[in-house]
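Trainee: Need the 3D shape of this:
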Amino acid sequence: MLGRGTSIAMSIVARKHRRRRLNHRGTHRARALLQPWDLAPRGGRTYQRVRRTVLALSLFTVVATPFLAARFLDRAWPAGLIVGATGSARVLGIELVDPLLSAAVWLARGARPGLLAAALPVLLLVIVLGRFFCGWLCPYLPLLALSHSVRWALGKLGVPLLDLRLPGWLRFAVLGTVLAGSAALGVQLAALVYPPALLARTAYRLAFGLGVGGGATVLAAVWLFDTTISRAGFCRSICPGGALFSLLGAASPVRVRRVESRCTDCTVCDVVCNLGQRPMSDLVDAGCDRCGRCVAVCPTRALSLSLDGRPP
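Mentor: Numbering: from 1, shown residues only. Okay, here's the model as predicted:
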């Protein structure tokens, strides 16, 4: 008959073996058994409310600003609080430009100190906070949430859903192609494939009666890809903006931390992540957008967002 100490030791070994097996399989098997819409937030509700409010304001700004510009054409802008949209705006007289759009213009048209100055505030935030733009400010994210809802509805109806996994290097290849193409052709190419820029351009065209344009077609193709072929696949594996923010925020001190003693290896944090991160196995890299969804769904509160080197 086994002693108590031997039983405990065997239990620990079995748990480690199970963890290795799950790590080897990744989240592919977990996704077959569990879907993001099966998971309900258990914590971090205030964090999520604030994040969603900021995202809603970002989308509202992108959509509403063009119509305000059309309404006040040839008249004084109301209060002069904000001009532009998420990718390029002037807020209270301060110019702010998305680093990707700034870099593409720089390469296409040459160095401009004013352009760098406009991109610097956002650049510093990305260096400190990491890829937070994708989880907190990207106006495409509410559309991605709609995509998830459609996938949920299709799943409830029994419609088989694809979730194609593209290689992680692809987004960096797209980023390199966009920047190199901008430099070679002298044309800002990022705006042709970058969802925030596509959304803003489509809104301006509609506001001034110019029709939807090709940008809306590309945006619709991105949304359909995310909905029917790969859940958040564009954001995870193709978006050049996400790739640049991952590179710039690689040294960010803000990280997802896990308390191993609380973790039950349930995989819900891996399943809920749109960007292919694996918090359950401590495999969270610069691709994390600080959305905090993994923290919110963790049933044992084993995860948290914290500064580097500090315990959760």
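
Trainee: all helices of the stretch 201-312 of the chain, in order?
Mentor: Secondary structure of the stretch 201-312 of the chain, counting by DSSP state H, counting those that start in this stretch: helices at 213-224, 233-237, 240-248, 268-272, 293-297.

Trainee: again but with the stretch 51-200 of the chain, I slipped
Mentor: Counting by DSSP H, counting those that start in this stretch, the helices of the stretch 51-200 of the chain are 99-109, 113-129, 132-136, 141-156, 170-185, 195-207.

Trainee: Out of those helices, which gets the lowest mean score?
Mentor: For the helices of the stretch 51-200 of the chain, mean pLDDT drops lowest on helix 113-129, to a mean of 86.

Trainee: Need the contact partners of it.
Mentor: 88, 94-99, 102-103, 105-106, 132-133, 245, 248-249, 251-254, 290 (Cβ atoms under 8 Å, 6 or more residues apart in numbering). Placement of C-beta: from N, CA and C, glycine included.

Trainee: of the helices of the stretch 51-200 of the chain, which approaches residue 225 most closely?
Mentor: Closest to residue 225 of those is helix 141-156 (Cβ to Cβ; 9.3 Å).

Trainee: That closest one: which residues count as buried?
Mentor: 141, 143, 144, 147, 148, 151 (16 or more other Cβ atoms under 10 Å).

Trainee: and the nearest residue to residue 211 once chain neighbours are set aside, how far is that from residue 219?
Mentor: Excluding the flanking residues, the one nearest residue 211 by Cβ to Cβ, 6 or more residues apart in numbering is residue 205, at 6.1 Å. Between residue 205 and residue 219 the distance, using Cβ to Cβ, to the nearest Å, works out to 12 Å.

Trainee: returning to that earlier point: now the helices of the stretch 51-200 of the chain in CSV, with distance to residue 271?
Mentor: What follows is these, written out as CSV (distance: least, Cβ to Cβ, whole Å):
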stretch, distance to residue 271
helix 99-109, 29
helix 113-129, 25
helix 132-136, 17
helix 141-156, 12
helix 170-185, 21
helix 195-207, 24
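
Trainee: Out of the ones you listed, the one nearest residue 49 is which?
Mentor: Between the helices of the stretch 51-200 of the chain, helix 132-136 lies closest to residue 49; by Cβ to Cβ that is 12.6 Å.

Trainee: Run through who's touching that closest one.
Mentor: With Cβ under 8 Å, 6+ apart as the criterion, helix 132-136 contacts 51, 54-55, 98, 122, 125-126, 141, 235, 239, 241-242, 245, 249, 254, 275, 289-292.

Trainee: before we move on, back to that, please check the contacts of helix 113-129 and keep the buried ones.
Mentor: Buried among these by 16+ other Cβ under 10 Å: 88, 95-99, 102-103, 105-106, 132-133, 245, 248-249, 252, 254, 290.

Trainee: rewinding a little: buried ones only from the contacts of helix 132-136, please, as a PyMOL command.
Mentor: Remark: buried members of those, expressed as a PyMOL selection using 16+ other Cβ under 10 Å:
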select buried, resi 51+55+98+122+125+126+141+235+239+241+242+245+249+254+275+289+290+291+292
